[in-house]
Each structure stands twice: as structure tokens, then as C-alpha cells.
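J.: Attaching a predicted model along with its sequence, questions to come.
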Amino acid sequence: MNSPTDEQAALIRITLEGRKMNYPDRYDQENLLNLHKAKMSLEQAIDFLSQ
């Protein structure tokens, strides 16, 4: 799986810090964070299954 771009990583970082963007950008910010969490969960599942 690919890593997030620099811009995506920055959005994830500020979201994890609890900072929120204004609407409508907040929708994209929350969507990106949800996708990142799903990716991390899938990577954990794959690691678990490959052991």
C-alpha cells in the first residue's frame, strides 16, 4: 500500500492533534483520516494473518 502524500500526511497530523478545518474542507479532512485508519487496520490484519 502506498504512503500518503505530504499534503495528506499533514492533514492526518493536524486531525490527530485535534485541529479542525472549516467546512467543506473538514469533510475531506475527516474522510482522509477514516481512509488512513482503515489502511492501518488492514495492515495490522495482514500482519496478524501472516504470522
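T.: Thanks, I have the structure now.

J.: So what's the residue count around residue 33?
T.: Using other C-beta atoms under 10 Å, residue 33 is surrounded by 16 other residues. C-beta coordinates here come from the backbone N, C-alpha and C atoms, glycine included.

J.: Helix or strand: which one has it?
T.: In this assignment (DSSP states H and E), residue 33 forms part of helix 25-49.

J.: Return stretch 33-43 as CSV; C-alpha atoms alone will do.
T.: In CSV, the C-alpha atoms belonging to stretch 33-43 read as follows (Å, rounded to 0.1, in the frame of the first residue of the first chain):
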residue,chain,number,x,y,z
LEU,A,33,-8.5,10.3,8.3
ASN,A,34,-11.0,7.5,8.0
LEU,A,35,-9.2,6.1,5.0
HIS,A,36,-5.9,6.2,6.9
LYS,A,37,-7.4,4.4,9.8
ALA,A,38,-8.9,1.7,7.5
LYS,A,39,-5.5,1.3,5.9
MET,A,40,-3.7,0.9,9.2
SER,A,41,-6.3,-1.7,10.3
LEU,A,42,-5.9,-3.7,7.1
GLU,A,43,-2.1,-3.6,7.5
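
J.: Pull out the buried residues from that stretch.
T.: For stretch 33-43, a neighbour-count test (16 or more other C-beta atoms under 10 Å) marks 33, 36 as buried.

J.: pLDDT below threshold where in the chain?
T.: Scanning the chain for pLDDT under 70 picks out the ranges 1.
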